[in-house]
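[1] One predicted model, sequence on top.
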Amino acid sequence: MNLLIRGAHLRFPHQNLDRIGDVLFTHGRVIAIDPPDTSTIGAQVVEARGAWLIPGLCDLAARLREPGATHKADIRSEATAALVNGITHLALPPDSEPVIDSTAVTELVLRRAREARGATVHVIGALTRGMGEETLAELGTLRAAGCIAAGNIGRPIGNNNVLRRALQYAASLDVPVHLQAIDPWIGADGVAHEGRVAALQGLSGVPETTETLALARDLMLIEETGVRAHFARISTGRGAAMIAAAKARGLPITADVAMPNLLLNENDVLPFRSAAHLRPPLRTANDRDTLRAALADGTLDAVCSDHQPHDADAKLKPFPATEPGASGLDTFLGLGLNLIANRVLTIEQWIDRAAIAPRRVLGMAPPLMEADALPDFALVDVDRERLIETTTMASRGKNTPFLGWRLAGIVRLAAIGDRLYVRGEA
Amino acid sequence: MSLQIDAAGRLKHLLSIDGIPKTVLLEILDRADALRSVALRGNKKLPLLRGRTICNLFFEPSTRTRTTFELAAERLSADVINIDIGSSSTSKGESLLDTLSTLEAMHCDLFVVRHPDSGAAHFIAEHASDGVAVLNAGDGRHAHPTQALLDAYTIRRHKPDFAALTVALVGDLLHSRVARSGLTCLGALGIGELRAIGPRTLLPPTLDELGVRVFTDFDQGIVDCDVVIMLRLQKERMRGALVPSESEYFKRYGLTQERLKCAKPDAIVMHPGPMNRGVEIASDVADGPQSVILEQVSNGLAVRMAVMSQILGAGIKEAA
């Protein structure tokens, strides 16, 4: 069955494609842009006037909770939820249970992901065995099994010597690393940004220095080892400034920021809102503004959802006892459009930071809108709004601090390869 | 925080001092004045809360605080249930919400809650059924509003002109719910100058933004103080690399007679208890003429009777 998307606003800025057009495609292939009428006979027509046809979004961090925590979510539910929300690619951090440090776990995840027929899942393997502090993970074996990078996301490595060796080894194999700059000791028991709100609420704080100290160390080791590195979830303005300075020195690094840190700040934790218990935490309004500017000017290459779905019980406790993280797939696109509406990003910048740059980080070419290309796009009604409520979220994790927000953007259709989501068709 | 105050401006729960209007704070202090004579006369009970059930729900051990709440409830003729949960259900894996719904089935009117997590009282108030009130008896590092009120009450009995006073809180403010509620309460009641004194490791980083003068040197900070509130130093602070030893702490931050001389001559000394003698306070100061520490304990009874009867809507006139 061929589908014809008619009259959509094609927005592929990296191709200089910015106009109204028709797209004829079938499972696994774009047939033609602006096809002649004769070739569209029999095609199912999607009237798309007013809608944007954009590259499928690419999310650099989505926890799928499988293996290990399938009471929260699973690969099928979340890979599907991603596609439904216009995200065609997602990267899975290695901190599942067990961690992704073996061929067996990598293959299990990739097989389940293929069976899910949702977004394409890219696996980041562990940098060290068990994400611990003693031995290196088998990076060559992990790459052969399908991991696209190695990282310490969510489990900081305190031992400088082990980290240095891991980066040297990754550089030898030319395996890119994803590092999350968190000092393992400073603020380790913290649950909120160390600032005014934490002081008032009696919450143990996560100081800025937990990020900047780890970042300074990591940058030194990157410079020394020459490893290709990506910094995950920069949360402070000072951290963003350090990334800018390192890039100016010519270091081969990229960096991302989590969407909630661009929209919210420490005050959103009040009064003890466990949905806003995040790690890294929501920081000050100044940090938020600096992160916004850094994303706009490209210091931060990409924005990710940092999707962390939880079961209801994980958040139904006194604040410090709740698990950190927010479900992010269902709000990723709408909050991006919110950033455009609030003049934080231009449309072109948003498409780059949420779709093109993340692919570059993962070593993928940007999707092209042209005949014979693989379908990799989303059709979005940008003039229609959606109320964020638990009943309409596609993810199994309903833990979002954006509950009750009205966000623009309804995904009408999303396609990746031969997988297709069409709104209203189950 | 409208969770605490209902549409008519009345106190629904007492979770923290933050968000309670000054008028309500003063109303509680005045009510405590009216109840004080009853609180001090052991054999007299008031019928204010007859037929009401108050449940003391303690998720961490505390004999002192629990006893004053229990006594306060009994003096108001309420039925009292004491439940120590620290060692029972939650450690067996039962969730806080399960515990709560089990207890609600007993039809309590008021939960008096102490819990090791900041925000626990808010959480319970959010999930409690309509008509069940929550009184925070200390949640983690967050708040201990009745302690703050009894401290304010004690200060008022000695030095009623709040605007002219300089009050210092000394010691471990970072981990102290007493300090947090105290600063908020005394600030709201219009104390002239609030000071925080302690090493940087035990002070929250943004106190100056909250209008508090911060001193790391006790000898400077105590100069001309009218009220000195000493805070308890927990033993585990040594392990967290926050202070090196009890003896060094006492030298730098312990209240001695010598230091107290730098405060105003009629300054009063307070401590929420339990005290570590020789760690944050010298025995001769604790037992000396300027100490009002024992008076704090008996005032605590009056203040807790006031808060309980106010939350449960008992008119004070019936008491006369």
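    Cool, got the structure. Keep in mind that what you see is a predicted model, and the values were worked out from it rather than measured.

[2] which residues of the chain fall in helices?
    Using chain A. If DSSP state H is used as the criterion, the helices of chain A fall at A:75-84, A:103-116, A:139-145, A:160-172, A:196-201, A:209-225, A:237-248, A:259-263, A:285-296, A:312-315, A:329-341, A:347-351, A:357-361.

[3] Can you look at chain B instead?
    Counting by DSSP H, the helices of chain B are B:22-40, B:63-75, B:96-104, B:120-127, B:145-158, B:177-188, B:218-221, B:246-253, B:257-260, B:283-286, B:293-311.

[4] near chain A, which residues of chain B show up?
    Within reach of chain A by C-beta under 8 Å from any C-beta of the partner chain, chain B has these residues: B:1, B:3, B:18, B:95-97, B:115, B:117-120, B:122-123, B:127, B:139-143, B:177, B:180, B:204-207, B:209-210. All C-beta spots, glycine's among them, are computed from the backbone N, C-alpha and C.

[5] Show me which residues of chain A are close to chain B?
    Within reach of chain B by C-beta under 8 Å from any C-beta, chain A has these residues: A:194-196, A:198-205, A:207, A:271-272, A:313, A:316-321.

[6] Narrow these to those in strands?
    residue A:205 (DSSP state E).

[7] May I see the ChimeraX selection of the buried members of the residues of chain A next to chain B?
    Burial among the residues of chain A next to chain B is assessed by 16 or more other C-beta atoms under 10 Å in any protein chain shown; the matching ChimeraX selection reads:
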select /A:194,195,196,198,199,200,201,202,203,204,205,207,271,272,316,317,318,319,320,321
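
[8] before we move on, back to that, okay if I get the helices of chain B as CSV plus mean neighbour count, mean pLDDT and distance to residue B:82?
    Formatted as CSV, the helices of chain B follow (neighbours: other C-beta atoms under 10 Å in any protein chain shown; pLDDT from 0 to 100; distance: least, C-beta to C-beta, whole Å):
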stretch, mean neighbour count, mean pLDDT, distance to residue B:82
helix B:22-40, 18, 92, 20
helix B:63-75, 20, 92, 6
helix B:96-104, 16, 84, 12
helix B:120-127, 24, 95, 17
helix B:145-158, 24, 98, 17
helix B:177-188, 24, 97, 21
helix B:218-221, 17, 98, 39
helix B:246-253, 17, 96, 33
helix B:257-260, 15, 97, 38
helix B:283-286, 16, 97, 29
helix B:293-311, 23, 96, 15
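
[9] and those as JSON lines, adding distance to residue A:182?
    JSON lines is the format used below for those (distance: least, C-beta to C-beta, whole Å):
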{"stretch": "helix B:22-40", "distance to residue A:182": "41"}
{"stretch": "helix B:63-75", "distance to residue A:182": "37"}
{"stretch": "helix B:96-104", "distance to residue A:182": "29"}
{"stretch": "helix B:120-127", "distance to residue A:182": "27"}
{"stretch": "helix B:145-158", "distance to residue A:182": "35"}
{"stretch": "helix B:177-188", "distance to residue A:182": "27"}
{"stretch": "helix B:218-221", "distance to residue A:182": "35"}
{"stretch": "helix B:246-253", "distance to residue A:182": "31"}
{"stretch": "helix B:257-260", "distance to residue A:182": "41"}
{"stretch": "helix B:283-286", "distance to residue A:182": "43"}
{"stretch": "helix B:293-311", "distance to residue A:182": "42"}
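
[10] and the gap between residue A:392 and chain B?
    24 Å (C-beta to the nearest C-beta, to the nearest Å).

[11] Let me know whether that residue touches residue A:385 as I believe.
    No - judged on C-beta atoms under 8 Å, residue A:392 makes no contact with residue A:385 at a distance of 11.9 Å.

[12] Of those two, give the one with the bigger neighbour count.
    More crowded of residue A:392 and residue A:385, by other C-beta atoms under 10 Å in any protein chain shown: residue A:385, with 14 against 9.

[13] Leaving out chain neighbours, which residue sits closest to that one?
    residue A:406 (5.0 Å; C-beta to C-beta, 6 or more residues apart in numbering or on different chains).

[14] and the one you found, what does it touch?
    A:385-388 (C-beta atoms under 8 Å, 6 or more residues apart in numbering or on different chains).

[15] What of residue B:83?
    Contacts here follow C-beta under 8 Å, 6+ apart; on that basis residue B:83 touches B:55-58, B:103.

[16] Throw the helices of chain A into TSV and include distance to residue B:233 and mean pLDDT, thanks.
    As requested, the helices of chain A are exported to TSV (distance: least, C-beta to C-beta, whole Å; pLDDT from 0 to 100):
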stretch	distance to residue B:233	mean pLDDT
helix A:75-84	47	98
helix A:103-116	47	98
helix A:139-145	48	98
helix A:160-172	34	98
helix A:196-201	19	94
helix A:209-225	25	98
helix A:237-248	33	98
helix A:259-263	36	98
helix A:285-296	33	98
helix A:312-315	34	95
helix A:329-341	45	98
helix A:347-351	52	98
helix A:357-361	49	98
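
[17] could you dump the ones you listed to a markdown table with distance to residue A:379?
    Formatted as a markdown table, the helices of chain A follow (distance: least, C-beta to C-beta, whole Å):
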| stretch | distance to residue A:379 |
| --- | --- |
| helix A:75-84 | 12 |
| helix A:103-116 | 21 |
| helix A:139-145 | 34 |
| helix A:160-172 | 39 |
| helix A:196-201 | 40 |
| helix A:209-225 | 38 |
| helix A:237-248 | 33 |
| helix A:259-263 | 21 |
| helix A:285-296 | 25 |
| helix A:312-315 | 33 |
| helix A:329-341 | 12 |
| helix A:347-351 | 14 |
| helix A:357-361 | 19 |
